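Novice: Let's see this in three dimensions:
(chains A and B)
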Number of protein chains: 2
Amino acid sequence: MSEHIVKAYDTELQDLDDMIVEMGEATARQIQDSIQSVITRNTELAKAVIDLDQGVDQLERKIDALAVRILALRQPVAADLRRVVAALKISNQIERIADYAANMAKRALALNDIPEVTPVYVLPRMVKIPLEMIRGVIKAYVDLDLEAAYRIWQLDEEVDEMYMSYLRELLTYMMEDPRNIGPCTHLLFIAKNIERIGDQCTNIAESIHYMVKGTPFEESHIESAS
Amino acid sequence: MSEHIVKAYDTELQDLDDMIVEMGEATARQIQDSIQSVITRNTELAKAVIDLDQGVDQLERKIDALAVRILALRQPVAADLRRVVAALKISNQIERIADYAANMAKRALALNDIPEVTPVYVLPRMVKIPLEMIRGVIKAYVDLDLEAAYRIWQLDEEVDEMYMSYLRELLTYMMEDPRNIGPCTHLLFIAKNIERIGDQCTNIAESIHYMVKGTPFEESHIESAS
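Specialist: Predicted coordinates for the structure are as follows:
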């Protein structure tokens, strides 16, 4: 390959990374804002999160288009090929996380229509680890940092535990007073979305494993890595 | 390319399709069995669905490995390249549907531990369209049938409507008697899983659109197609 082509190719791979980072940052902000809109009963903020989801969808399409372009024109092999395939997967995984944020914002809108009765105060604490996970896993992707990806993968257990304990708390509110059932159902789904964000971050960690190692991720790998 | 290589290449593309079909069929069966296990309170069946999920995960990995192999060795372009990229996406989308089935089977296990009080009779009716969607969309993938993919895409509206109406029904049960709150919460999540299966089938329809047309799916395309 001529020096010129090699340079264009490098630029394309860099663009792919930049877009993944942009998508990850936008999505982390959406998660934060959606929870903020629940807590502060801020309808405008919730609507802004819902509107921004289209931007993330567009970024996914741009990443896909560039990945297919690289596959067609550069015909990458080995590590480069895996990087492009991983970008295809990770863009899809981030898009799903952005969907969860948009869903939470929709729940925020519904919650704003009903009187404040419910235990929302848990949510900012609950979303802290998933936020750390999405930001960390994008950094691990850029740095090709398997150790960091493993650490993030392991954090999901804590998210699951918080989810289960919040679920039990919500059920007691619902049983105490039937008027809590409506709002608590929304909170139930918000909590489930937070839990799914954690899940998706582990999937991204697994995609990073595949990208770096070229083999599918197995839980046993964690043992040998730590 | 020599005739021999062309033949091997065709066989690989055919293998990719066959595995997608196998994965789709296994997943449709899992959905059916998970609902059946709720209705008949069949713990063994629910456990079988949960166990089978690993088989679907393995199929996804096999499809991914073959797709990457084809990309590396055959360096496909144009329609073939899009087909391989679509297979990567669709295998991931089917895997998510199988996850929803496994989740429903886990809810079935939890429901079997509590006395029968709740409106489960709606579920078989509710899952009918999503089942039709998953089977139809896999057929549309094999036949490269855009019209069929569009028809399936449109069915999702009906799934959403049934979900909303069932949700309201469940809330009345919960308000009627606090003892219904626990089991109805499980049914709430089962219903949400069914609704998400419909969503995922529309995503597969969109991947088929991309594969055939080479452009991202826009809702407006439906108008011009019908």
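Novice: From here on, just use CA atoms for contacts and neighbour counts.
Specialist: Noted.
Novice: Let me know the next secondary structure element after the helix or strand hosting A:G55.
Specialist: Using DSSP states H and E, the element containing A:G55 is helix A:43-74. Of the helices and strands lying after helix A:43-74 in sequence (DSSP H and E), the nearest is helix A:78-112.
Novice: residues of that following helix that come out buried?
Specialist: Using 16 or more other Cα atoms under 10 Å in any protein chain shown as the test for burial, helix A:78-112 gives A:80-109, A:111-112.
Novice: hang on, the earlier thing: what angle sits between the helix holding A:G55 and helix A:78-112?
Specialist: 160 degrees (axes from the mean of the first three to the mean of the last three Cα atoms, to 10 degrees).
Novice: quick check, helix A:43-74 touching chain B?
Specialist: Yes. Helix A:43-74 is in contact with chain B by Cα under 8 Å from any Cα of the partner chain, via A:61, A:68, A:71-72.
Novice: So which bits of stretch A:37-52 are buried?
Specialist: Those would be A:37-39, A:41-43, A:45-50, for stretch A:37-52 by 16+ other Cα under 10 Å.
Novice: which residue packs closest to the residue nearest the centre of chain A, ignoring adjacent ones?
Specialist: With distances taken as Cα atoms, centre = their mean, A:I97 lies nearest the centre of chain A, 3.7 Å away. Nearest residue to A:I97 in three dimensions, chain neighbours excluded: A:I197, at 5.6 Å (Cα to Cα, 6 or more residues apart in numbering or on different chains).
Novice: shouldn't the one you found be in contact with A:E95?
Specialist: No. Counting by Cα atoms under 8 Å, A:I197 sits too far from A:E95 to count as a contact (10.8 Å).
Novice: show me where pLDDT drops low in chain A?
Specialist: Counting by pLDDT under 70, the ranges of chain A that qualify are A:1, A:117, A:219-226.
Novice: Show me which residues of it sit near chain B.
Specialist: A:61, A:68, A:71-72, A:75-78, A:81-82, A:85, A:89, A:171, A:174-175, A:178-179, A:181-182, A:216.
Novice: for A:V212, what are its contacts?
Specialist: Going by Cα atoms under 8 Å, 6 or more residues apart in numbering or on different chains, A:V212 touches A:79, A:82, A:144, A:146.
Novice: give me that answer again for 10 Å
Specialist: By Cα atoms under 10 Å, 6 or more residues apart in numbering or on different chains, the residues touching A:V212 are A:79, A:82-83, A:86, A:141, A:144-146, A:206.
Novice: so what's the residue nearest to the centre of chain A up against?
Specialist: Contacts of A:I97 (Cα under 10 Å, 6+ apart): A:24, A:27-28, A:30-31, A:91, A:103, A:134, A:193-194, A:196-201.
Novice: Looking at those residues, which is nearest A:L13?
Specialist: A:S91 (14.1 Å; Cα to Cα).
Novice: For the closest one, which non-adjacent residue is spatially closest?
Specialist: A:S91 sits nearest to A:E60 (Cα to Cα, 6+ apart), 5.5 Å away.
Novice: Kindly report the same for A:R83.
Specialist: Distance criterion Cα to Cα, 6+ apart; nearest residue to A:R83, sequence neighbours excluded, is A:M211 at 5.5 Å.
Novice: Okay, buried residues for the helix or strand encompassing the one you found please.
Specialist: Using DSSP H and E, A:M211 sits in helix A:181-213. Neighbour-count burial for helix A:181-213 flags A:181-212 (criterion: 16+ other Cα under 10 Å).
Novice: Let me know the closest of the contacts of A:I97 to A:R125.
Specialist: A:I194 (11.0 Å).
Novice: what's near enough to touch the closest one?
Specialist: Applying Cα under 10 Å, 6+ apart, the residues contacting A:I194 are A:31, A:35, A:97, A:100-101, A:104, A:123, A:126-131, A:159-160, A:163, A:200.
Novice: ok, now A:L167?
Specialist: Residues A:161, A:184, A:187-189, A:191-192, B:185 are the ones in contact with A:L167 under the rule Cα under 10 Å, 6+ apart.
Novice: possible to save these as JSON lines with distance to B:L167?
Specialist: Formatted as JSON lines, the contacts of A:L167 follow (distance: Cα to Cα, whole Å):
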{"residue": "A:E161", "distance to B:L167": "26"}
{"residue": "A:C184", "distance to B:L167": "13"}
{"residue": "A:L187", "distance to B:L167": "15"}
{"residue": "A:L188", "distance to B:L167": "13"}
{"residue": "A:F189", "distance to B:L167": "12"}
{"residue": "A:A191", "distance to B:L167": "17"}
{"residue": "A:K192", "distance to B:L167": "16"}
{"residue": "B:T185", "distance to B:L167": "10"}
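Novice: For A:R151, see how far away A:H186 is.
Specialist: Separation of A:H186 from A:R151 (Cα to Cα, to the nearest Å): 31 Å.
Novice: How about A:E116?
Specialist: In terms of Cα to Cα, A:E116 sits 37 Å off from A:R151.
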